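Novice: sequence first, predicted coordinates after that:
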Amino acid sequence: MDFKIFHDRNTLGHAAADQAAAAIRKAIRERGKARIVAATAASQKEFLEALTSAPEIQWLNVEAFHLDEYIGLPITHPGSFRKMLMEQLISKTGIVKYHLLDGDADVASVLKRESAALASAPIDIAFLGIGENGHLAFNDPPADFNTEETYLVVELDEACRRQQVGEAWFSDISQVPKRAISMSVKQIMKIKELIAVVPGTQKAKAIAACFNGQISPMAPASILRNHPHATIYLDQASAALLDPASRDSVAVPSS
């Protein structure tokens, strides 16, 4: 795992997009297609804008998967992650093969269908965020590091739900769904390459909790330290509380 720290979120987003674009081009060049997983949130805006503008990506050869989604939220809602995925990535690039997590449909059917699709071949790269509570996808603390499920239903904790209000997707916490579909931690760790884009002062405590201390389900994104090809993109604000010694950290055994 590596840290890359930039002065601001715009520079960070462009640098992360350069790495992501290179991985997509490489997969298409070597195998004729690329399979990606994308996160959608306020923190991903600059990154996705840069990625969708990157040159020489054959987007028709890209298959996109969804990281997480609220249960019971229609795609028309501003906070819908599949709405954001359509607007920020799919519509801009012309990707024709994509898999949305329909949290407004029969959940058991969605889990079965999308789990089978995702597991049908290796995933080349995933674009991730890290929550203010340290969550990875919607795996809030204490995260399940051991489940073999590809996608699972999770209960969202209060810190996670308050973050969504803070980002202005919902008017108050009573409007934020209490459950979601999330890719599991173990499935994320199976992906060949991971890029986590984590800008902003509001993420500084989570970064410190995940990367200054021990690998722990109470700091879910700390598990990224065990991935051989994970890159954490930070700006000065989100890296403010990071222990300088941690910036050179390598994979360590999970306790």
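Specialist: In hand now; what should we look at?

Novice: show the average pLDDT along the helix or strand harbouring Ser91.
Specialist: Per DSSP states H and E: Ser91 is located in helix 91-93. On average, the pLDDT along helix 91-93 is 96.

Novice: which element follows that helix toward the C-terminus?
Specialist: Beyond helix 91-93 on the C-terminal side, the first helix or strand identified by DSSP H and E is strand 97-99.

Novice: elements contacting the following helix or strand past that following strand?
Specialist: Counting by DSSP H and E, the next helix or strand C-terminal to strand 97-99 is helix 107-119. Counting contacts by 3 or more Cβ pairs under 8 Å, 6 or more residues apart in numbering; DSSP states H and E, helix 107-119 is packed against strand 62-66, strand 97-99, strand 151-155, strand 179-183. (Glycine included, C-beta is placed from N, CA and C.)

Novice: show residues contacting the third one.
Specialist: Spelled out, that is strand 151-155. Contact with strand 151-155 is made by 71, 101, 107, 110-111, 114-115, 118, 138-140, 144, 178-184, 187, as judged by Cβ atoms under 8 Å, 6 or more residues apart in numbering.

Novice: got it, and the first one?
Specialist: Residues outside strand 62-66 that contact it (Cβ under 8 Å, 6+ apart): 24, 28, 33-38, 81-82, 85, 89-90, 93, 95, 97-101, 114, 117-118, 123.

Novice: just the helices in the protein please.
Specialist: Secondary structure of the chain by DSSP state H: the helices cover 9-31, 45-52, 81-85, 91-93, 107-119, 158-166, 185-190, 204-211.

Novice: flag every buried residue along the last one.
Specialist: This means helix 204-211. Of the residues in helix 204-211, 204, 206-211 count as buried by neighbour count, 16 or more other Cβ atoms under 10 Å.

Novice: what helices or strands is that helix leaning on?
Specialist: Judged by 3+ Cβ pairs under 8 Å, 6+ apart, helix 204-211 is in contact with strand 230-235.

Novice: brilliant, that's me finished.
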